[in-house]
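> Turn this into a model:
(4 chains)
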There are 4 protein chains.
Amino acid sequence: MTSAANDLRDTLTRLGVQPEWVDTGQVTRSPVDGSRAGALAAATPEAVEDAIAMATDAFSAWRRVPAPRRGELVRLLGEELRIAKDDLARLVTLEAGKITSEGLGEVQEMIDVCDFAVGLSRQLYGLTLPSERPGHHMRETWQPLGPVAVITAFNFPVAVWAWNAALALVCGDPVIWKPSDKTSLVALAVQAVFDKAAARFGEDAPAGLCQVVIGGAEVGQALARDPRIPLVSATGSTRMGKAVAVDVAGRLGRSLLELGGNNAMILTETADLDMAVRAIAFSAVGTCGQRCTSLRRLLVHEDVAEGLIARLKAAYETLPVGDPREAGTLVGPLIDEAAVDAVQAALKQAVAEGGEVITGGQRLDRDGAYVRPAIVQMPEQSAIVRHETFGPILYVLTWRELDQAIAMQNAVPQGLSSCIFTDRLREAEQFLSAWGSDCGIANVNIGPSGAEIGGAFGGEKDTGGGRESGSDAWKAYMRRQTQTVNFSTSLPLAQGVRFDV
Amino acid sequence: MTSAANDLRDTLTRLGVQPEWVDTGQVTRSPVDGSRAGALAAATPEAVEDAIAMATDAFSAWRRVPAPRRGELVRLLGEELRIAKDDLARLVTLEAGKITSEGLGEVQEMIDVCDFAVGLSRQLYGLTLPSERPGHHMRETWQPLGPVAVITAFNFPVAVWAWNAALALVCGDPVIWKPSDKTSLVALAVQAVFDKAAARFGEDAPAGLCQVVIGGAEVGQALARDPRIPLVSATGSTRMGKAVAVDVAGRLGRSLLELGGNNAMILTETADLDMAVRAIAFSAVGTCGQRCTSLRRLLVHEDVAEGLIARLKAAYETLPVGDPREAGTLVGPLIDEAAVDAVQAALKQAVAEGGEVITGGQRLDRDGAYVRPAIVQMPEQSAIVRHETFGPILYVLTWRELDQAIAMQNAVPQGLSSCIFTDRLREAEQFLSAWGSDCGIANVNIGPSGAEIGGAFGGEKDTGGGRESGSDAWKAYMRRQTQTVNFSTSLPLAQGVRFDV
Amino acid sequence: MTSAANDLRDTLTRLGVQPEWVDTGQVTRSPVDGSRAGALAAATPEAVEDAIAMATDAFSAWRRVPAPRRGELVRLLGEELRIAKDDLARLVTLEAGKITSEGLGEVQEMIDVCDFAVGLSRQLYGLTLPSERPGHHMRETWQPLGPVAVITAFNFPVAVWAWNAALALVCGDPVIWKPSDKTSLVALAVQAVFDKAAARFGEDAPAGLCQVVIGGAEVGQALARDPRIPLVSATGSTRMGKAVAVDVAGRLGRSLLELGGNNAMILTETADLDMAVRAIAFSAVGTCGQRCTSLRRLLVHEDVAEGLIARLKAAYETLPVGDPREAGTLVGPLIDEAAVDAVQAALKQAVAEGGEVITGGQRLDRDGAYVRPAIVQMPEQSAIVRHETFGPILYVLTWRELDQAIAMQNAVPQGLSSCIFTDRLREAEQFLSAWGSDCGIANVNIGPSGAEIGGAFGGEKDTGGGRESGSDAWKAYMRRQTQTVNFSTSLPLAQGVRFDV
Amino acid sequence: MTSAANDLRDTLTRLGVQPEWVDTGQVTRSPVDGSRAGALAAATPEAVEDAIAMATDAFSAWRRVPAPRRGELVRLLGEELRIAKDDLARLVTLEAGKITSEGLGEVQEMIDVCDFAVGLSRQLYGLTLPSERPGHHMRETWQPLGPVAVITAFNFPVAVWAWNAALALVCGDPVIWKPSDKTSLVALAVQAVFDKAAARFGEDAPAGLCQVVIGGAEVGQALARDPRIPLVSATGSTRMGKAVAVDVAGRLGRSLLELGGNNAMILTETADLDMAVRAIAFSAVGTCGQRCTSLRRLLVHEDVAEGLIARLKAAYETLPVGDPREAGTLVGPLIDEAAVDAVQAALKQAVAEGGEVITGGQRLDRDGAYVRPAIVQMPEQSAIVRHETFGPILYVLTWRELDQAIAMQNAVPQGLSSCIFTDRLREAEQFLSAWGSDCGIANVNIGPSGAEIGGAFGGEKDTGGGRESGSDAWKAYMRRQTQTVNFSTSLPLAQGVRFDV
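Modelled structure (predicted):
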């Protein structure tokens, strides 16, 4: 098989993308085989300033374009994504290391959210509501907000942009995208696809409507601190998210944060074990355990733990780990060497905290950042278990009463995704109740990973509280205006206040 | 008339409130006549810690009480507020200096929001929605969030608590209230009223469901930084708001901010001047110009400026300024001496920036913090005009084209309230369009002040972005959970991803 | 105990109601002991005409009263109902035969829906939505509809009026109520309570806002055919409902129909039998089996049928049947002699169709229309089982596969309420799925009876399709208006049509 | 130019449609030149029965297909409509006589509603809501309804089907379409386009999902009376609508009716006359006055009437009337000879009632059903003015006070569309208020015709009350289910009822 670097360059060429390679800069090295695709220059402060100024100008024009017409641009984007689907998926595989099916799924998610946003473009519903004052009409209208900065992580290098951009565009907002510096190339490719859609759409799409700025934390910080950007949507680590949150709060801007998860499955005696084993494997090792929704904690009723662990061990030991481009591979590489080190450090700490490694954890003897997925049985929810390590480590713990299991599930700083496997109605509904899971996502008989775009996606606590994609997540991209029109000839005051000059 | 301090103590006694007076502490001095009602001790760090711990415990119980039953508590609170209305209004007058009608209006607003929240207690609607996977059900459910800290300002010493508390309570959240240290007594009175409602409600209301902690910025900061408080709702200055926002962001909590406004009226040639004069007077001098929605900038079409200013001058010069308890008084005192100084400093700066004081600004020669409301004609929107001075100063500026007027209206850091007076449809609708007012509140033929509780209240930019009261403002007090239930016997993945172990 | 007739008259007197007794007319005879309370004259055609004319006039005024103010009237109505609760409940018991607890529950339901409607009075949300045309605003507004005729049945002699009236009033609609001719007196009492609320409310409430017209089918028909009544809300038998529907359709009016139910419970092997027995007893014999949501068909998994039937038989045989005023009574009388005859005819037919009467069916040897509740095991879902007999007969049938049970549940003409008792998640969710119950109400581990006012109440097929009470049921009482405002200076056409004169 | 009949046949061939021509049957004669395209057999009762049976079977399968997947079929339908747009528009022109731009606009509307429905397929939102009972969850879910009969009129021969079908399909409902017998051929062509989309979609689309049945009133009646069809959506005359409504009501089915309009424009002194003249011309003569939203009544303030009429007369007399295929034609033919006769009879009656024909009304001396659009000044709103004549007649009346104009606007039996031209805010808002227009559509500074698909379309009174297309019109195609799940171990009753067995 050709080197990932060559493959990357060929795919970019097919998409008409010609990166401006530089000698020194952000090096893109494919996790698939460690080959070096090239280096890109990070955006200078001047370039970031230019991008923000362009977006600000674009906003003045774009907010006046009727929303259904804005939706037409997103529809065309969806068409162009359908055309470019295979190539974009290939880039996801090469740059982020995801297996082919996941790469395709990620582009499909971009397409789905475009379709959804097209429908939204004729909705964006505010309210009409009755006034307490005679001859008055009240309305709540959602107005375009302004330029949106979108900071994305390597693990969903394109879908998260699409979640944000599809909504922002129909809402009337330009987008400035700072992708992870580990996945800049696929971002450039997506920009090229967008440019095709915009060209078909015509001159109603102003220059600077969607832009990419390449760079690291300093570029993100410049965006976070700029008062011309009313919304910063950032996906990544909790550490990064707090920094963004504080920067944005300091200027009273709005943050939409999708940060770390430490997602658990509660497995009860009545769980369908065949389904559970499949769900666990996909959730814990898919994307090599680098999804924010990856399963990290398996909380098993003690009566079924032994059998389940045995089945999982067997399943794990036959997992095909390797080049994500190859058919049949289910586990590709981690994103880079540092990630491999972090996984191995975590396993070491787990053992130190009393854990037993049931299987996995070995680094593979080949180019690229490969490890075998690990299962670790833990005596209690110790420090390493409460910490999110971005890799394929599954901690297994046991419980006796459901209340206890739910308390364990909730006793971590993160609050993204959660699930229960049970066929008992009472258990499922308790898990979904006000005293059940404290996460933003709660699934029953589904792993924690793999959300549909129709629901709102995001979580609580250290996950940052943001919501993207479906439901009324679009409201984050607009400003709400409460309007009252007096068409009478008098001037009554609310709450019966009298003030007669 | 009896001294305000005696009046305060008598009213508290009627409500059954016995403050723990201390020798040194936060002194309550009535702005009505400067008389000293007594001093209260600020809450110690230990007391704040206790309050948070109690609220946390209360949350565990309260979230399990069905929301319609929680609504019953708020209904009883509304009944008790109706009973205590006159006394509470009197306290508002005595402690905050508002005239009687405004004091009553403020308590009415508490009652209104209780009625509204009772209805909400059977709504709090989430969504059911279709899954893309066969045999799956999707739901979005809103769950109770946790203890809410409510930090309020002196100018709406009780209504803002009610906006927050009525919603928080039906949403399942306990409330810890830190009132302004200038209006602690009426807060204690409201707590007593709440306690009566809770006693009638019975044991389903846990101890610590609503608490008051007295104190200044250090108490506010302790609340803002505590991770057990998922939501901090703060009303006050932009400076205070930024500090809270950064503290809360640093722990990835949620802020609901209602900060400064610098509210304008655009007055066109077709405005109904009789109505406009009344609206201007009420909006600019009501609450002695100390509402966050007070009118501060009057942007008049140049063809009607002269006549309007003359009418306003005449109206201003007959405004009855004085003891807010007296029938007929329309303008009571400012909150304290510092406010008087700030008003006079602002007038001085305005003159330095080219302004002409048309009328007003004089301090009254009597006890209490009284000034005459001022009108200042300004040559342009200079620094002092873009600054929010909390007092009865109205800056008047002129314009020629509506686009220009809207640009002026938007060219301040704050984004709370705004209005236009016109009888031209096109002007009104442009003002309400995506390229019109950038404020959270936009009125037509109504002053910027005096919102109904049915609409969402709040603003953009330096106003902080929060929304309270009506519409779906309740969502700030809950956490959203996206739930997917698989009731099939297979395990399809979203976006068609395949992962066959 | 005093005769029910005397009791009725005394209670009316306490409420200040003085019916105009006539010699011949609609006789009110209490089902409690058959005693004759008096006779009322049915409304003449001229009286009906007057009522409609008054309601039409009232509409012109009432629609201009702001909805939150209309809500205040409903709030006062709720207060007056709280005051009159015991007496109204007593009248329900005396005139309709319901036990005391049910009578009180029915009045509580009136109160609940008033509280709910008060909240609605600041909502009644329409939409603002984006236009595809530049410089256009789109809005959907809900406007008052006009006079509403409410035709109610004897079994919920007051709650159904309140469901309709509370919503209609906040929506801006006058109400003309034709109660069942079997329960006219309590209707007059409710009208008196309303009048008290209206008097407190003051002159904003026009004359004729709520009216009662006494009479039988001919009065109902006059209302159904009158084009000045845009909405006829009718509760009763399917036969009556079809007649109303056709009359209203013939003039293109709107019907809101709540007709018969033939409600089943599916009971699976994992059902909690203790709960199920209680639920069955309450659902099947509460209100002596005369609720539209009464349980009529018990579909039991064959493995648990025998034991369950034995338990039910035992429970039924100890049910206290008797004077509904007495503490301890759980089963009161049927509404009249004809109802007793109908129950006994149904039992006879059931036996003819192969059924076995397990217990009950005997008429009690005392004054009033009393029978013992019956359980009948049926070999199949024969004609009598598919028919709604308004009385305490429970047909028991068995099944083997859940698909079969759901098919049986759906294989009747009616579609009101349904339930399943199970602790298996898959069974519950299938029952609630698109291929589950075809009813308007579907409960899990709750009997079919006893809805909360927060949900929409009503059913499909022969049940008539109407929805009352919660959710967006209020929309039936308003007309929707799609508004588009062009504030630009050009005139674009939708869908890009060109038409240049 | 080729004969319309040949053109029709050629276009059908291009679309792959081969009608089964018969010797005697429903003759299709193009209104463009009267040429005979052929005759089709009406569906026999057996064929209708087969269609209903197939649709019933299709429903069992289709309701189980996840809604977002159903949306994918509609997305493909949108793609196929884009491909076939020109040909379908041509058929609309040839069979219904609409000018080319309107034919294209109609197909664009089909496409728009498909895009909108795709978005809906992930929404179809029900509610989650709080129960008053502990340990209970409440939900309102919208379920598929069943086969929908769609009866359409000649004047929107394809768009109305699309409004219904796009929504019905995503809602889970099969569709049986009975087009007007005057426009059967384009219906067959649309069916062919649908079949292409279904073939691409694959086997999830069951046979019989969308069907066309050709025929007249007897076929419509068979559909209206069949209990297997829960919803009949019918567009056409009020006479037809009443018949359908009564038939459907007699079996307690659901009707969605879009019937006649008698749409007015109120024109005030401040109206922009340039815009108004264009709007009047398009609204009154577009589609040769055969839209249900056509402008029929022009209510002009008396001060501007004379000038306006003169301008309209001039504009009318230069209107290009002729073959709708020709570029430049703005007015095509009426649908048939009977329509010409009806127009001329109406003009005669108008004169008899005191009217003066300002211009137009002459039949053109050429093949096809052509008349010149007419303006008739009327002394009052006499019988002919209150009647909907389906053709290009515009009645002009004058008024002095706005209240009077609104009363005139409302004083007709129909309630579809309405508009006002004014630049006065108070007038516009009054028109949009609860005491303004009584129509389902109310426009400001737009003619009554030409709705966007994002709003709900339909009207009140004799217009039938149905709503189609945008907003929550989709709810008509589903059944609502209120679900309550008890996951506690006790069995509380609503409203606090006690019933302890």
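> May I have the phi/psi pair for the residue in the stretch 201-350 of chain A that chain C sits nearest to?
The minimum distance from the stretch 201-350 of chain A to chain C, using C-beta to the nearest C-beta, falls at residue A:270 (8.5 Å). Any C-beta I mention is one placed from the backbone N, CA and C, and that applies to glycine too. Backbone geometry at residue A:270, expressed as degrees, to the nearest 10, gives phi -90, psi 10.
> Show me which residues of the stretch 301-450 of chain A sit near chain C.
A:422-426, A:428, A:444-445 (C-beta under 8 Å from any C-beta of the partner chain).
> Pull the most distant pair out of those residues.
Greatest spacing in these, by C-beta to C-beta: A:426 and A:445 (14.7 Å).
> who has more neighbours, those two?
residue A:445 (27 against 19; other C-beta atoms under 10 Å in any protein chain shown).
> Setting aside sequence neighbours, what's the nearest residue to the more buried one?
residue B:486 (4.0 Å; C-beta to C-beta, 6 or more residues apart in numbering or on different chains).
> Next: residue A:308.
Residue A:308's closest residue in space is residue A:300 (C-beta to C-beta, 6+ apart), at 5.8 Å.
> thought residue A:359 was touching residue A:374?
Yes. Counting by C-beta atoms under 8 Å, residue A:359 does reach residue A:374; the two are 6.5 Å apart.
> ok so, going back, ok, the host helix or strand of the residue nearest to residue A:308: who's next to it in the sheet?
Applying DSSP states H and E as the criterion places residue A:300 in strand A:295-301. Counting by DSSP bridges, the strands paired with strand A:295-301 are strand A:263-267 (parallel), strand A:393-399 (parallel).
> Could you pick out the residues of the stretch 301-450 of chain A near chain D for me?
Counting by C-beta under 8 Å from any C-beta, the stretch 301-450 of chain A sits next to chain D at A:425-426, A:428-430, A:432-433.
> which one of the residues you listed sits closest to chain D?
Once C-beta to the nearest C-beta is applied, the member of these that ends up nearest chain D is residue A:429, at 3.5 Å.
> show me the contacts for residue A:452.
A:470, B:131-133, B:138, B:484, B:494-495, D:68, D:122 (C-beta atoms under 8 Å, 6 or more residues apart in numbering or on different chains).
> Of those residues - the most surrounded one?
residue D:122 (29 neighbours).
> wait, isn't that residue in contact with residue D:70?
No. Between residue D:122 and residue D:70 there is no contact under C-beta under 8 Å: 10.4 Å.
> mind pulling up the phi and psi values for the residue nearest to residue A:57 when sequence neighbours are not counted?
Nearest non-adjacent residue to residue A:57, counting by C-beta to C-beta, 6+ apart: residue A:208, 6.4 Å away. Per-residue torsions, residue A:208: phi 80, psi 20 (degrees, to the nearest 10).
> quick one: pLDDT of residue A:208?
Residue A:208 is assigned a pLDDT of 97 by the prediction.
> thought it was touching residue A:54?
Yes. Applying C-beta under 8 Å, one finds residue A:208 in contact with residue A:54, separated by 3.1 Å.
> Neighbour count: the two, which is higher?
Neighbour count, other C-beta under 10 Å: between residue A:208 and residue A:54, residue A:208 has more, with 22 against 18.
> Let me know the closest of the residues of the stretch 301-450 of chain A next to chain C to residue B:280.
The shortest approach to residue B:280 among those belongs to residue A:444, at 58.6 Å (C-beta to C-beta).
> which sections of chain A are below the confidence cut-off?
Across chain A, the ranges flagged by pLDDT under 70 are A:501.
> Walk me through the domains of it.
A:42-259+A:464-482, A:263-444 (automatic domain parsing).
> how long is the longest one end to end?
Domain A:42-259+A:464-482 stretches 42 Å from its first residue to its last (C-alpha to C-alpha, to the nearest Å).
> roughly how far is it from the heart of the chain?
Centroid separation for domain A:42-259+A:464-482 versus its chain: 12 Å, with C-alpha atoms, centre = their mean, to the nearest Å.
> how about the one helix or strand residue A:12 maps to: buried residues?
Assessed by DSSP H and E, residue A:12 sits inside helix A:4-14. Neighbour-count burial for helix A:4-14 flags A:4-5, A:7-9, A:11-12 (criterion: 16 or more other C-beta atoms under 10 Å in any protein chain shown).
> The very next helix or strand once past it pairs with which strands?
Heading C-terminal from helix A:4-14, the first helix or strand you meet, by DSSP H and E, is strand A:21-29. Using DSSP bridges, strand A:21-29 pairs in its sheet with strand A:36-40 (antiparallel).
> quick one, the strand it pairs with and helix A:4-14 angle?
Put simply, strand A:36-40 runs at 60 degrees to helix A:4-14, going by axes from the mean of the first three to the mean of the last three C-alpha atoms, to 10 degrees.
> Show me what strand A:36-40 is in contact with.
Contact with strand A:36-40 is made by A:4-5, A:8-9, A:19-30, A:94-95, A:184-185, A:214, as judged by C-beta under 8 Å, 6+ apart.
> which non-adjacent residue is nearest residue A:198?
residue A:205 (4.4 Å).
> who touches that neighbour in this structure?
With C-beta under 8 Å, 6+ apart, residue A:205 has these contacts: A:62, A:73, A:198.
> now residue A:384
Counted by C-beta under 8 Å, 6+ apart, residue A:384 has contacts A:346, A:349-350, A:353, A:355, A:395.
> Name the nearest residue to it, ignoring sequence neighbours.
Using C-beta to C-beta, 6+ apart, the closest residue to residue A:384 is residue A:349 (4.5 Å).
> swap in residue A:362?
residue A:372 (4.9 Å).
> Quick check: the gap between the one you found and residue C:496.
Distance, residue A:372 to residue C:496, using C-beta to C-beta, to the nearest Å: 59 Å.
> Show me which of the two is the more surrounded one.
residue A:372 (18 against 13).
> so the more buried one touches residue A:357, yeah?
No. Counting by C-beta under 8 Å, residue A:372 sits too far from residue A:357 to count as a contact (10.7 Å).
> Helices of the stretch 151-300 of chain A, residue ranges please.
Using DSSP state H, counting those that start in this stretch, the helices of the stretch 151-300 of chain A run over A:159-171, A:184-201, A:217-225, A:238-249, A:273-285.
> out of these, deepest packed?
Highest mean neighbour count of the helices of the stretch 151-300 of chain A: helix A:159-171, a mean of 29 (counted as mean count of other C-beta atoms under 10 Å in any protein chain shown).
> Provide a list of residues in contact with the closest residue to residue A:30 other than its chain neighbours.
Spatial nearest neighbour of residue A:30, chain neighbours left out: residue A:4 (3.5 Å); criterion: C-beta to C-beta, 6+ apart. Counting by C-beta under 8 Å, 6+ apart, residue A:4 touches A:30, A:32-33, A:35, A:37, A:94.
> Can you tell me which of these comes closest to chain C?
residue A:94 (39.6 Å).
> Just to check, the closest one is in contact with residue A:9?
No. Using C-beta under 8 Å, residue A:94 is not in contact with residue A:9; the gap is 9.7 Å.
> May I ask you to name the longest helix in chain A?
Taking DSSP state H as the criterion, chain A has its longest helix at helix A:67-96.
> Do it and chain D come into contact?
Yes. Judged by C-beta under 8 Å from any C-beta, helix A:67-96 comes into contact with chain D at A:68, A:71, A:75.
> The stretch 401-501 of chain A: strands as residue ranges?
A:414-415, A:417-421, A:441-444, A:456-457, A:460-461, A:468-469, A:478-486 (DSSP state E, counting those that start in this stretch).
> partners of the first one in the sheet?
In the sheet containing strand A:414-415, its partner strands are strand A:460-461 (antiparallel), by DSSP bridges.
> What is the burial count for residue A:315?
Residue A:315: 18 neighbours (other C-beta under 10 Å).
> picking up where we left off before, list the residues that contact both of residue A:208 and residue A:54?
By C-beta under 8 Å, 6+ apart, no residue touches both residue A:208 and residue A:54.
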